[in-house]
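Trainee: Just to be clear, the model below is a prediction. Sequence and coordinates:
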Amino acid sequence: RVTENAKNSLASLKRENPRLEPTLAIIQAHNDYLIQEANQNFAKEVGLRVIHICLPEGSTKDEIVSEILRLNEDPNVQGLALDLPESLYSSKILNAVKPEKDVDGLSNVNLGRLVHGDVNDCLVPPTVCAVMELLEDIGGQRVLLVGARGAQGAALQSVLQRRGAAVLSCRWRAPQLQSELRQADVVVFGSPKPEDVPVSWIKPGATVISCAHDLLSEKCNYSQQNNPVAEKTVGSLAVAMRMQNMVKNMERWIQSQQCRKWDLHCLKLQPLSPVPSDIEISRAQSPKAVDVLAKEIGLLTDEIEIYGQTKAKVRLSLLERLKDQPDGKYVLVAGITPTPLGEGKSTVTVGLVQALTAHLNINSFACLRQPSQGPTFGVKGGAAGGGYAQVIPMEEFNLHLTGDIHAITAANNLLAAAIDARILHENTQSDKSLYNRLVPVVNGVRGFSAIQLARLRRLGINKTDPETLTEEEISKFARLDIDPSTVTWQRVVDTNDRFLRKITVGQAKTEKGFVRQAQFDIAVASEIMAILALTTSLQDMKERLGKMVVANDKKGEPVTAEDLGVTGALAVLMKDAIKPTLMQTLEGTPVFVHAGPFANIAHGNSSVLADKIALKLVGEKGFVVTEAGFGADIGMEKFFNIKCRASGLVPSVVVLVATVRALKMHGGGPNVTAGAPLKKEYTEENLQLVADGCCNLQKQIQITQLFGVPVVVALNVFKTDSAAEVDLVCKIAKESGAFDAVPCHHWSAGGRGAVKLAQAVEKAANQKNSFKYLYSLELPIVEKIRIIAQKVYGAQDIELSPTAQSQVDRYTRQGFGNLPICMAKTHLSLSHQPERKGVPTGFVLPISDVRASIGAGFIYPLVGTMSTMPGLPTRPCFYDIDLDPITEQVKGLF
């Protein structure tokens, strides 16, 4: 009956989960193959897969624990049981088993739940189940446990008492054993009965059950002087109960795989006035351990890779587990055309999720870009938000994080080295010599690698034996014929270093005079960073890496990373970087930090993968809030036309961040310069300047409406803003088509200061959404550029330089004309001229050059010149950054 029930339950689970393959691992450290056979037979009958790990007799506890720990981390094993000699059932071994895999129910965690009556959250040990199955109604009966020690004894006592029995426990050598046996209605032997304990001591008619470790011992009948005693053994029934437990464990495992309501413990904030520095605020809060946060939001232990106390990588397997889970609402934070000081989009993003989750009890996730260390030590400082709305610990956020940018640097520079090395080797070797080195004889065998076979197929050479290629085919295969003057792939470093903007490579004698001019870019400008931000899976990333065009050959055809044979190596370097990093806000709500592409030559958004994972984790009623770099005319436009095309996701709401300071600048206020004190126009009430500057806000609202998405204006309030100025901005925003406009005080008050914004966003997310792209990919490249220039920037027309037109013609001929457009333009104006504020009109947008990131999947026209390597100012931020050698605390980050 037990087996039949388990079989039916498992069959039902498999019908609902067709790919389910429940696997029970049993560690055995003795030579009793009858037990092994019984486990196999019962498992087969139920429909379970069992794997036996047979350790040699005499295995030490440490060896057994080592095997347990290995199986704990095996995602293909859902249950773990132990068949060991009695002497090895120690607390150390039993508690090494992960509670969620503990089919025998003997770990302290499981036992504690059982003793406390949490029967729905624990498994009753199979032997105990078998004992209860053999007993009739025992309410009020006197039950004696003899020789039942440790976890099993405790479990027996607890379950028997819950069934109403009066339970006593006794050792075999206890002096009162005889008298206790005489009075017991039921006797349970936890270990074999010694021969010198006569059956006559047992009360006539008493029920005797043996739980001896020999699971397959048969029934014993004792009879002595008209005192027959039938001893029942749990035997094979305990094995059947183990399989039943495994099925119950599978039910729990499947339930754990489903998305469930968060059990989030938010951190309390006690904002101070005046507001301390960002790093002081960050240090004053004690973040939760990241594994605790991960569990609170429904991540499984095998889905995270912990880095220190406060950071963890999240594995992409989660997407498969939650593939049937509906997505939450998708919110983009963009901004008006900013001052050089920035208007606080990151701060709004963090404040909004703190409000949603810590104050409105709505699941929410912030998805942010990883900052480059260049600006951290240069001009800008950190990028973790600010005030009481930031990601903590801020020094971990701003420095290294989990090494993603270093991985990108390594991959990028490996490809750069491969290009120059290939040019050198092709220029100094004959076809035959080159071919012999590319396809060497190893251990007497010569063969193509997988990536070389793929290149042969692309060349139309359908051969797999290196010895069969003709001379013409050998030349075609071995030579890429890269034109050095067309190399577009640059080396990168994550430091602001102006002297690397133009360099000469190949000056050593060993490079035989193959000198060429090159440059370094900052690491986040690498196309590999853009790929990381847009990829949807490991396979997709690998394909994108292979498609990266690094140069043209001498016939004008594109040369790719795949042609250089480096794709697999790049994927290996990026295999951990593809996993988003989990952190938390000041109020303990979850944040993904992942990818940080340039917002001019790339699209300036955090990763598609972080957004997709977060949308599954928050559940259907939750919110994912992400941020687009620069103003809405740049970051938001690229988010919609590039990122949303790559992800297939549809945004629910746009939050448009504005400040009175920026609006005054657009209304004709004096220049705002980083590091210089603000003029009095910005610190005193001036309603006329604000009203005049709202034209930029109105234009950005109109740009948002082009995409059919509701917009909520978030006015980031500073202490110098007057109530009249704040009211005026909100009034004009609503009159201009915003769903709502809300003053926000999260910088000084944390999530509480953004509750009204959160409520407005929640309402806006329920509005009708008619999202659409701005242009069709089928349009010619020039036409797509013109649509963005005219509809988004307000240009009268565009003008392409001869270089730009030549590049457009080349990319069209090479088959790249159907890619989206990523405009590289100044963020300080809607036009191409940074000094033109407000809403410039009547200008012609000059396109100086057009380049392509084929792996990332976009064409990027350059409006003017774009620096991809920042420089250090006279007084960089590093003057203020220091390390306390005693506490190891970082000082001076802001």
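Mentor: Cool, got the structure.
Trainee: Which residue, neighbours along the chain excluded, lies closest to residue 756?
Mentor: residue 742 (4.8 Å; CB to CB, 6 or more residues apart in numbering). Bear in mind the C-beta positions are built from the backbone N, C-alpha and C, glycine included.
Trainee: My error: substitute residue 476 in the last question.
Mentor: Residue 476's closest residue in space is residue 459 (CB to CB, 6+ apart), at 5.7 Å.
Trainee: Give me the local confidence score for that neighbour.
Mentor: For residue 459, the pLDDT comes out at 94.
Trainee: So in that sheet, which strands flank the helix or strand hosting the residue nearest to residue 756, and in what orientation?
Mentor: Using DSSP states H and E, residue 742 maps to strand 740-744. Using DSSP bridges, the strands paired with strand 740-744 are strand 711-716 (parallel).
Trainee: Quick one: work out the angle between the helix or strand just after the strand it pairs with and strand 711-716.
Mentor: For strand 711-716, the following helix or strand on the C-terminal side (DSSP H and E) is helix 723-735. Angle, helix 723-735 to strand 711-716, by axes from the mean of the first three to the mean of the last three CA atoms, to 10 degrees: 170 degrees.
Trainee: ok now helix 723-735, how far from the chain's centre?
Mentor: Chain-centre distance of helix 723-735: 39 Å, with CA atoms, centre = their mean, to the nearest Å.
Trainee: And it, what's buried?
Mentor: Across helix 723-735, burial judged by 16 or more other CB atoms under 10 Å covers 725, 726, 728, 729, 730, 732, 733.
Trainee: measure the third one to residue 748 for me?
Mentor: Using CB to CB, to the nearest Å, one gets 21 Å for the distance from residue 728 to residue 748.
Trainee: Could you check the lengthiest helix in the chain and say which residues are buried?
Mentor: If you go by DSSP state H, the chain has its longest helix at helix 404-428. Neighbour-count burial for helix 404-428, counted by 16+ other CB under 10 Å, picks out 404-416, 418-420, 422-423.
Trainee: Over to stretch 808-817?
Mentor: Taking 16+ other CB under 10 Å as the criterion, stretch 808-817 shows 808, 811, 816, 817 as buried.
Trainee: rewinding a little: bridging residues for the residue nearest to residue 756?
Mentor: residue 714.
Trainee: hang on, isn't it packed against residue 716?
Mentor: No - using CB atoms under 8 Å, residue 742 is not in contact with residue 716; the gap is 10.4 Å.
Trainee: of those two, who's got more company?
Mentor: residue 716 (25 against 21; other CB atoms under 10 Å).
Trainee: gap between that one and residue 106?
Mentor: From residue 716 over to residue 106 (counting by CB to CB), the distance is 57 Å.
Trainee: Residue 642 too?
Mentor: Counting by CB to CB - residue 642 and residue 106 are separated by 55 Å.
Trainee: three-state assignment of residue 167?
Mentor: strand (DSSP: H, G, I helix; E, B strand; the rest coil).
Trainee: Quick check: residue 84 touching residue 26?
Mentor: No - checked against CB under 8 Å, the pair residue 84 and residue 26 is beyond contact range at 10.2 Å.
Trainee: Comparing these two, which shows the higher neighbour count?
Mentor: residue 26 (23 against 19).
Trainee: which neighbours does the host helix or strand of that one have in its sheet, and in what orientation?
Mentor: Using DSSP H and E, residue 26 maps to strand 23-28. Strand 23-28 has its sheet partners listed here by DSSP bridges as strand 49-54 (parallel), strand 79-83 (parallel).
Trainee: Name the next helix or strand downstream of the first one, please.
Mentor: In the C-terminal direction, the helix or strand that comes right after strand 49-54 (DSSP H and E) is helix 61-72.
Trainee: and the angle for that following helix with strand 79-83?
Mentor: For helix 61-72 against strand 79-83, the angle between stretch directions is 160 degrees (the same axes, to 10 degrees).
Trainee: outside of helix 61-72, which residues touch it?
Mentor: Counting by CB atoms under 8 Å, 6 or more residues apart in numbering, helix 61-72 makes contact with 25, 27, 29, 53, 55, 77, 80, 82, 84, 88, 90, 92-93, 96-98, 101, all of which sit outside it.
Trainee: and if we set it to 10 Å?
Mentor: Helix 61-72 is contacted from outside by 23, 25-27, 29, 51, 53, 55-56, 59-60, 77, 79-80, 82, 84, 87-88, 90, 92-98, 100-101, 301-302, using CB atoms under 10 Å, 6 or more residues apart in numbering.
Trainee: Tell me, how many residues neighbour the residue nearest to residue 568 when sequence neighbours are not counted?
Mentor: With CB to CB, 6+ apart as the criterion, residue 568 has its nearest non-adjacent residue at 6.1 Å, and that residue is residue 451. Here the count is done by other CB under 10 Å, and residue 451 has 16 residues near it.
Trainee: Distance check, residue 451 against residue 549.
Mentor: Separation of residue 451 from residue 549 (CB to CB): 17 Å.
Trainee: could you pull out the helices for the stretch 51-200 of the chain?
Mentor: Here the stretch 51-200 of the chain has its helices, by DSSP state H, counting those that start in this stretch, at 61-72, 91-94, 108-115, 126-134, 150-162, 177-183.
Trainee: Residue 818 reaches residue 852, doesn't it?
Mentor: No - at 11.9 Å, residue 818 does not count as touching residue 852 under the criterion of CB atoms under 10 Å.
Trainee: No further queries at this time; thank you.
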